[in-house]
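K.L.:
Sequence first, then the predicted structure, then my questions.
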Amino acid sequence: MGVNVACITDRDIMPDCAPKIYYKNKDYVKGSYPNNRKWHVESDYDNAELAAYISNIKSKASGQEIKTFLSGHWTLEYELAFYGLKKKRMRECLIHALTRTVYDEFSEKNTRKIIDEIDKGTDIQEQATYFYRKFRSNSKAEFAQYLSVELESEFNQGDAEDQEELKRSLPSYLVKAITYVTERT
């Protein structure tokens, strides 16, 4: 049919710092994870194993005009935080959307709680993990709706500079997927 289709999927491999933060378990540190766990961390894979894992995921949906775009890290929400928390305007959008998702009402007090938790992280991996931890008990779909409203409000679609800033604030695999499905063949 000549229509490009993007399959966007998670990598589902946690950064090594994540188990301790995500599961709120101080004993979950590299080298001391439980044997019966169902989750994986980056250090579980060497380069060849990781390449095979990624290839396997991509092969499941790719073919004809369908192309798989895989997150560079753990999940979509983690990726949005990993890249977006570094950019002022995107950070505000992410935090406002998360605040609306977690709390029934939006307030500076609730926003401050979210910021304080994220800022417990000493680097961007930890900060993104604290951000993502909120989805253990909150709706990803609701967050997506709030984030779309925030992005539409913050970034003017008619302004080329805003569009470029938004592109620089998003994970590259999302930008590539959007480009793939919107380019003319």
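P.N.:
Noted; the coordinates are in hand. Numbers count the residues shown, from 1 in each chain.
K.L.:
And the helices in the chain, which stretches?
P.N.:
Applying DSSP state H to the chain gives helices spanning 18-22, 47-61, 76-84, 88-102, 108-118, 124-133, 140-154, 160-169, 172-182.
K.L.:
buried residues in the shortest one?
P.N.:
In this case it means helix 18-22. Under the neighbour-count criterion of 16 or more other C-beta atoms under 10 Å, helix 18-22 has 18, 19, 20, 21, 22 buried. C-beta: built from backbone N, CA, C; applies to glycine.
K.L.:
what residues are up against the last one?
P.N.:
Contacts here follow C-beta atoms under 8 Å, 6 or more residues apart in numbering; on that basis residue 22 touches 14, 129, 132, 133, 136.
K.L.:
and if we set it to 7 Å?
P.N.:
Residues near residue 22 by C-beta atoms under 7 Å, 6 or more residues apart in numbering: 14, 129, 133.
K.L.:
measure residue 153 to residue 146 for me?
P.N.:
Per C-beta to C-beta, to the nearest Å, residue 153 is found 11 Å from residue 146.
K.L.:
Residue 48 now?
P.N.:
Distance of residue 48 to residue 146, computed by C-beta to C-beta: 40 Å.
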